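*Asks:* Any chance you could fold what I've pasted below:
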Amino acid sequence: MREMRRFKQALTREQCDEILNRGTSGVLAVAGEGGWPYAVPLSYVWTAGRLFFHFAPAGHKLDAIRREERVSFCVTGRDQVVPEEYTTYYRSVIVFGRARVVDSPEGKRHAIEALCGKYCPGFPEAMAAEIDGSWERFLMVELVPERVTGKQARELMGQA
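*Replies:* This next block holds a predicted model:
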């Protein structure tokens with residue numbers, strides 16, 4: 001993988017983790033059919049240094065990762081257009097890694113609970129009932145990072 005050209009604008013790992021924890025969606029990029037790139041926005045959860053997604057049991061994304069497990073996932077933490085400066089104040093993170101279907105029942109349940117806990121906190125009984133009632137329809141995918149990189153606008157350097 002290439003090194004970041006503007007390395008002085010790189011985010012720390014802690015800043016990357018913060019963006020990944022706070023974000024609610026990102027874009028998964030896979031090698032699609034016939035060599036065509038395929039990028040799709042998805043909800044996700046970042047837990048224990050890994051990303052988890054819910055996929056349909058069949059479809060383009062699933063076919064793509066079964067064909068080629070190397071993927072990337074991008075989350076934008078800040079996107080502020082500043083017209084008077086002809087620029088954008090941005091912070092973003094890209095996770096490069098390998099995606100795989102979570103096969104073990106324990107791993108699958110952990111991933112589902114983490115995802116549900118992020119988007120529907122405070123409803124543990126309803127969450128458990130939904131998981132149990134829809135178990136067969138849940139297909140969870142894990143992205144194991146090989147590299148996590150983040151970048152920010154020069155104007156944001158030194159700001160929290």
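
*Asks:* What is the lowest-mean-pLDDT helix or strand in the chain packed up against?
*Replies:* Lowest mean confidence among the helices and strands of the chain (mean pLDDT, DSSP states H and E): helix 124-134, at a mean of 77. The helices and strands touching helix 124-134, judged by 3 or more Cβ pairs under 8 Å, 6 or more residues apart in numbering; DSSP states H and E, are helix 105-119. C-beta: built from backbone N, CA, C; applies to glycine.

*Asks:* Now do the helix it packs on against helix 124-134, angle only.
*Replies:* Between the axes of helix 105-119 and helix 124-134, defined by axes from the mean of the first three to the mean of the last three Cα atoms, to 10 degrees, the angle is 130 degrees.

*Asks:* ok, and what's touching helix 105-119?
*Replies:* 24, 43-45, 47, 52-54, 102, 127, 130-131, 138, 140, 142 (Cβ atoms under 8 Å, 6 or more residues apart in numbering).

*Asks:* that older thread, centre of the chain versus the helix or strand following the least confident helix or strand of the chain, how much separation?
*Replies:* Using DSSP states H and E, the helix or strand that directly follows helix 124-134 along the chain is strand 139-152. Distance, stretch centre to chain centre, for strand 139-152: 6 Å (Cα atoms, centre = their mean, to the nearest Å).

*Asks:* Which residue comes closest to residue 147 once chain neighbours are left out?
*Replies:* Sequence neighbours aside, residue 96 is the residue nearest to residue 147 in space, at 4.5 Å (criterion: Cβ to Cβ, 6 or more residues apart in numbering).

*Asks:* That's all I had, so thanks and see you.
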